[in-house]
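Asker: mind folding the following:
(one chain, ligands or ions: 2)
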Amino acid sequence: MLLSFHSYKGGTGKTTFVGNLGVMLAQQGKKVCIIDTDVNGPGLHSLFDIRYGMTLIDFLQGLCSADDVVYRYDNSDVYIVPSKACEEDISAMFSTPGEAREKMLTLIKKIGNKLDIDYFLFDCSPGINKSSLLILNIVDKATIVSTIDVQDIRGTYVLSSMSAKLGTHASLLFNRIPLDKKDDINDIIIDFSNKLGTELLGLVSYDESVAKNWSRKIAMKDNPDCGYCDQLKKIAQKLIR
Ligand SMILES: Nc1ncnc2c1ncn2[C@@H]1O[C@H](COP(=O)(O)OP(=O)(O)OP(=O)(O)O)[C@@H](O)[C@H]1O
Ligand SMILES: [Mg+2]
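Answerer: Ligands and ions are numbered 1, 2, ... in the order given. Purely as a prediction, here's the structure:
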């Protein structure tokens, strides 16, 4: 199954969510590969503390094989494909969007066959850009991670309608919600459903302990019974159903 995580604005919590989700799925006996397609601002390697050599970019540029860019995390069933910071967009590395898509599908196929992966998770770049649309176009399900900031919400409408046009099933995840604001977003959720048919995947509260991790720790590994992890587990059930 191919699942992607997008957002309009940066810093909504995609990398944190994807990382924790990957660790949780592996704890449940699944094999997971997380691919950092946020090539302009990659961060997955920091969260997983991967000291990388070859990356997604090298593979896309034909400089190495798929095997060279997969890193096993801590002897677990989580495999990471990191990216290094790159000023270009993924599709700009190819002459046509179709070529970029084929290359990405080749990577998935090679890793999937070799490691028998159950879930591929794509950590995408924020904003409306070709890399994000490329991934949106190949996945089974997309999740748009938003905060309740109105800038985010407006952009989330745009991303939502783009995924609808591409025919990719997208759902909404509101993250970093202050506890006293959970009820305030009911109207927004109803509006998304009425206007675009985009349904809510879940709500995650602002969690001080996650914020204080500063992407140095993975809560699902160090503190799997925390409030953030409990919320994530419920959302994951819905997502992989
Ligand atoms: N529910 C939450 N409560 C509090 N802090 C959170 C929560 N989710 C994520 N964070 C924190 O927010 C910061 C940004 O998260 P993260 O890097 O996952 O966002 P992102 O969407 O991947 O950002 P970017 O778009 O820049 O890649 C991190 O310091 C992370 O620990
Ligand atoms: Mg990120």
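Asker: every contact and neighbour count from this point should use C-alpha atoms.
Answerer: Fine.
Asker: contacts for the lowest-mean-pLDDT helix or strand in the chain?
Answerer: Among the helices and strands of the chain, helix 186-196 carries the lowest confidence by mean pLDDT, DSSP states H and E, at a mean of 86. Outside helix 186-196, the residues within contact range by Cα atoms under 8 Å, 6 or more residues apart in numbering are 157, 160-161, 164, 198-200.
Asker: how many neighbours does Gln151 have?
Answerer: Applying other Cα atoms under 10 Å, we find 12 residues neighbouring Gln151.
Asker: buried ones in the least confident helix or strand of the chain?
Answerer: Judged by neighbour count using 16 or more other Cα atoms under 10 Å, the buried positions of helix 186-196 are Phe192.
Asker: can you name the element that comes right after it?
Answerer: The C-terminal neighbour of helix 186-196 among helices and strands, as given by DSSP states H and E, is strand 199-205.
Asker: now the element after that following strand, going C-ward?
Answerer: Helices and strands here follow DSSP H and E; after strand 199-205, the next one along the chain is helix 208-213.
Asker: picking up where we left off before, give me the distance from the least confident helix or strand of the chain to the chain's centre.
Answerer: Centroid separation for helix 186-196 versus its chain: 23 Å, with Cα atoms, centre = their mean, to the nearest Å.
Asker: any idea how far Leu173 is from the most far-flung residue of the chain relative to its centre?
Answerer: Most distant from the centre of the chain: Asp180, at 26.7 Å, with distances by Cα atoms, centre = their mean. Look at Asp180 and Leu173: by Cα to Cα, to the nearest Å, they are 17 Å apart.
Asker: now swap in Thr12 and tell me
Answerer: From Thr12 over to Leu173 the distance is 10 Å, taken as Cα to Cα.
Asker: in this structure, where's the longest strand?
Answerer: strand 169-177 (DSSP state E).
Asker: other SSEs contacting it?
Answerer: Packing partners of strand 169-177 (3 or more Cα pairs under 8 Å, 6 or more residues apart in numbering; DSSP states H and E): strand 141-146, helix 150-166, strand 199-205.
Asker: among the ones you listed, which comes closest to ligand 1?
Answerer: strand 199-205 (5.3 Å; Cα to the nearest ligand atom).
Asker: then the closest one to CSV, C-alphas only?
Answerer: Extracted C-alpha coordinates of strand 199-205, given in CSV (Å, rounded to 0.1, in the frame of the first residue of the first chain):
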residue,chain,number,x,y,z
GLU,A,199,-13.3,13.4,4.9
LEU,A,200,-11.6,13.8,8.2
LEU,A,201,-9.0,11.2,9.1
GLY,A,202,-8.4,12.5,12.6
LEU,A,203,-7.5,15.2,15.0
VAL,A,204,-4.2,15.3,16.9
SER,A,205,-3.8,17.7,19.8
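Asker: tell me if that strand is near ligand 1.
Answerer: Yes - interface with ligand 1: strand 199-205 contributes 204-205 (Cα under 6 Å from any ligand atom).
Asker: contacts for the longest strand of the chain?
Answerer: Contacts of strand 169-177 (Cα under 8 Å, 6+ apart): 12-13, 140-148, 160, 163-164, 198-207.
Asker: for it, what is the average pLDDT?
Answerer: The pLDDT scores in strand 169-177 average 95.
Asker: again, but for stretch 144-158
Answerer: On average, stretch 144-158 scores 93.
Asker: how long is that stretch end to end?
Answerer: 11 Å.
Asker: next one: stretch 64-73
Answerer: End to end - Cα to Cα - stretch 64-73 spans 20 Å.
Asker: quick check: buried residues in that stretch?
Answerer: By 16+ other Cα under 10 Å, the buried positions in stretch 64-73 come out as 65-66, 68-71.
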